[in-house]
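> Have a look at this prediction, sequence included:
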Amino acid sequence: MITTRTTNEWLLGAAPIVLVLLLWQGLVSFGYAPATLLPPPVQVFLRMGQQLASATFQQDIAATLFRLFAGFAIAVVLGVSIGIAAAVSPPVNAVVRPIVRVLAPLPKVALYPAFLLLLGFNHESKIMLVAADALFPILLSTYYGATIVEQKLIWSALAAGTPPRDVLWKVVLPAAMPSILTGCRIGLVISCIVVFLAEMITSTDGLGHVLVTAARTFQAVDMFVPLITISLLGLILNGLLQGLRAYLLRGFPSV
C-alpha cells in the first residue's frame, strides 16, 4: 500500500514536468518560437550532459552549492536559535518582534549593494544574502512551532523530574520540529533562488554567472542549461530534506 501510494505521488509529481516539456517541444516544433531563442529540450539536455562532464561546469556547480549550503546553514542556526529564544523568553521576544516586523517584509536583495561594500565580491556577500533571505521563514516557523507546544507536555516533563533547563531541548524543541522543518524547506527553496540571483548580479563563477555569460553571447542553449541544473539541484535537495524530515518525524502521527 505504501509503495503504491509513493508511486502514485511520483507519477503525479512528474506529470506537470512532462506537460511543460511537451509544451516546450510543441512551441519549437510548430514554429511559435524560433529555435535560436527557444532551443528544443532535447538539444538543451544533450548540451547539459556535455557540460556536466566539463570540469569548469562542475566547479561552477560546486561554487553555487557552497554558497547555498553556507548561507542556508547560517540561516538555520540563527533562525532556530532566535525563534526558540523568542518563544520562551519574553524579554527576547520584546526585542526580536519589532526587528522581524521591520525586516521580514524588506526585499533582502535591496541589501546586496551594502553586503558588497562591506564583504566584497567574493563568497561572503553572496552567502550573507542567502542567509538573510532564508532566515525569516525559518525563524517565524520555529517561533510558531515553539509557541503552540501544549503546556501539559511541559508540566508532565517537569512532574517526571526533568530539570527546567532540559525541558527546552527534550520537550519544546522536539515538539516544534515539524514546524521548524517546514520553515527549513521554505528557506531551502529561497536559498536556491537567491544564490542564483546573486551570481547573476556579481560573480565570476557559479550557475548564475554561466547564464549571464551565455545570454551576453546569445548562446540560447547554454543559457537554458544552468536554469535546468539549478532546478534539478533544488529538486534533489528538497527530496533529501523531505527524507530527513520523514526520518526525524517518524514518531509523529503524520509526516
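Ah, there it is.
> From here on, just use CA atoms for contacts and neighbour counts.
OK.
> For stretch 179-192, give the mean pLDDT please.
Regarding stretch 179-192, the rounded mean pLDDT is 94.
> Now find how far off-centre that stretch is within its chain.
5 Å (Cα atoms, centre = their mean, to the nearest Å).
> Name the residues that touch that stretch?
For stretch 179-192, the surrounding residues in contact (Cα atoms under 8 Å, 6 or more residues apart in numbering) are 68, 71-72, 76, 80, 130-131, 133-135, 137-142, 144-145, 230, 234, 238, 241, 245.
> Can you list the buried residues in that stretch?
Of the residues in stretch 179-192, 179-192 count as buried by neighbour count, 16 or more other Cα atoms under 10 Å.
> And for stretch 239-254?
Using 16+ other Cα under 10 Å as the test for burial, stretch 239-254 gives 241-242, 245, 249.
> Where does T182 fall, secondary structure wise?
helix 173-201 (DSSP states H and E).
> Let me fix that, I meant to ask about P16.
If you go by DSSP H and E, P16 is part of helix 2-29.
> The next helix or strand after that helix versus helix 2-29: what angle between them?
Note on helix 2-29: by DSSP H and E, the next helix or strand toward the C-terminus is helix 41-52. Here the directions of helix 41-52 and helix 2-29 differ by 110 degrees (axes from the mean of the first three to the mean of the last three Cα atoms, to 10 degrees).
> List the contacts of helix 41-52.
By Cα under 8 Å, 6+ apart, helix 41-52 touches 21, 24-25, 57-58, 221-222, 224-225, 229.
> I'd like the mean pLDDT over it, please.
The model assigns helix 41-52 a mean pLDDT of 92.
> how far out from the middle of the chain is it?
25 Å.
> Just after that helix, pick out the following helix or strand.
Counting by DSSP H and E, what follows helix 41-52 is helix 55-88.
> Just the buried residues of that next one, please?
57, 60-61, 63-76, 78-80, 82-87.
> and if you look at stretch 104-114?
The neighbour-count criterion (16+ other Cα under 10 Å) identifies 104, 108-109, 112 as the buried residues of stretch 104-114.
> from those, which single one is nearest P40?
For the buried residues of stretch 104-114, the residue nearest P40 by Cα to Cα is V109; the value is 32.7 Å.
> Once you drop chain neighbours, what's closest to the closest one?
Once flanking residues are discounted, V109 sits nearest to L129: 7.0 Å by Cα to Cα, 6 or more residues apart in numbering.
> And P226, by the same measure?
P226's closest residue in space is L207 (Cα to Cα, 6+ apart), at 5.4 Å.
> Contact partners for the one you found?
For L207, counting by Cα under 8 Å, 6+ apart, the contacting residues are 60-61, 64, 196, 199, 226-227, 230.
> between those residues, which is closest to L118?
E199 (17.1 Å).
> Show me the contacts of stretch 179-192 that map onto helices.
68, 71-72, 76, 80, 130-131, 133-135, 137-142, 144-145, 230, 234, 238, 241, 245 (DSSP state H).
> Just the endpoints, please. Distance across stretch 200-208?
Using Cα to Cα, to the nearest Å, the end-to-end distance of stretch 200-208 comes out at 4 Å.
> Any idea how far it is from the middle of the chain?
In terms of Cα atoms, centre = their mean, the gap separating the centre of stretch 200-208 from the centre of its chain is 18 Å.
> and that stretch, which residues are buried?
200, 202-203, 205-208.
> cool, stretch 17-26 as well?
For stretch 17-26, by 16+ other Cα under 10 Å, it's 24-25.
> Contacts for it next, please.
By Cα under 8 Å, 6+ apart, stretch 17-26 touches 40-41.
> could you give the mean pLDDT of that stretch?
86.
> Could you check how far P107 is from W10?
Counting by Cα to Cα - P107 and W10 are separated by 34 Å.
> give me phi/psi at Y32?
phi -70, psi -20 (degrees, to the nearest 10).
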